[in-house]
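Quick one, what's the 3D model for this:
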Amino acid sequence: MHTLSKWIRQLHRWLVTPFLLAILVVVTGSIWGGEAFKLPGWLSIIAIGSLLSLLLTGVYMFAQHYWTKWRRTR
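Below you'll find the predicted structure:
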């Protein structure tokens, strides 16, 4: 169980990189490009996919603390 937790924590850290890069491209493009900026389809897929993965791994890490505490009391 400890190895799975360590792997998920590391995955969560690495998923921040593509999400941050996608958000930076969107913000930079909308500031400099204005109305003419059109978001590429693959970029939105990367942003949404990494955001969903961050959500799932974050919920796992959040719930793991309470789950292990609950298992210790039983």
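
So which elements touch the helix or strand where Leu55 lies?
Using DSSP states H and E, Leu55 sits within helix 41-73. With contacts taken as 3 or more CB pairs under 8 Å, 6 or more residues apart in numbering; DSSP states H and E, helix 41-73 sits against helix 2-33. The way it works is simple: take the backbone N, C-alpha and C, and place the C-beta from them, glycine included.

Please identify the buried residues of the helix it packs on?
Neighbour-count burial for helix 2-33 flags Ile8, His12, Leu15, Pro18, Phe19, Ala22, Val25, Val26, Gly29 (criterion: 16 or more other CB atoms under 10 Å).

Give the rounded mean pLDDT of that helix.
Model confidence over helix 2-33, given as mean pLDDT, is 86.

Over to stretch 42-60?
Mean predicted lDDT for stretch 42-60 stands at 87.

Output stretch 63-71 as PDB - backbone C-alpha positions only.
The C-alpha coordinates for stretch 63-71 follow below in PDB (Å, rounded to 0.1, in the frame of the first residue of the first chain):
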ATOM      1  CA  ALA A  63      -9.100  10.600   1.500                       C
ATOM      2  CA  GLN A  64      -6.100   8.300   2.300                       C
ATOM      3  CA  HIS A  65      -5.400  10.300   5.400                       C
ATOM      4  CA  TYR A  66      -8.900   9.700   6.800                       C
ATOM      5  CA  TRP A  67      -9.000   6.100   5.500                       C
ATOM      6  CA  THR A  68      -5.800   5.100   7.300                       C
ATOM      7  CA  LYS A  69      -7.000   6.900  10.500                       C
ATOM      8  CA  TRP A  70     -10.300   5.000  10.300                       C
ATOM      9  CA  ARG A  71      -8.500   1.700   9.800                       C
END
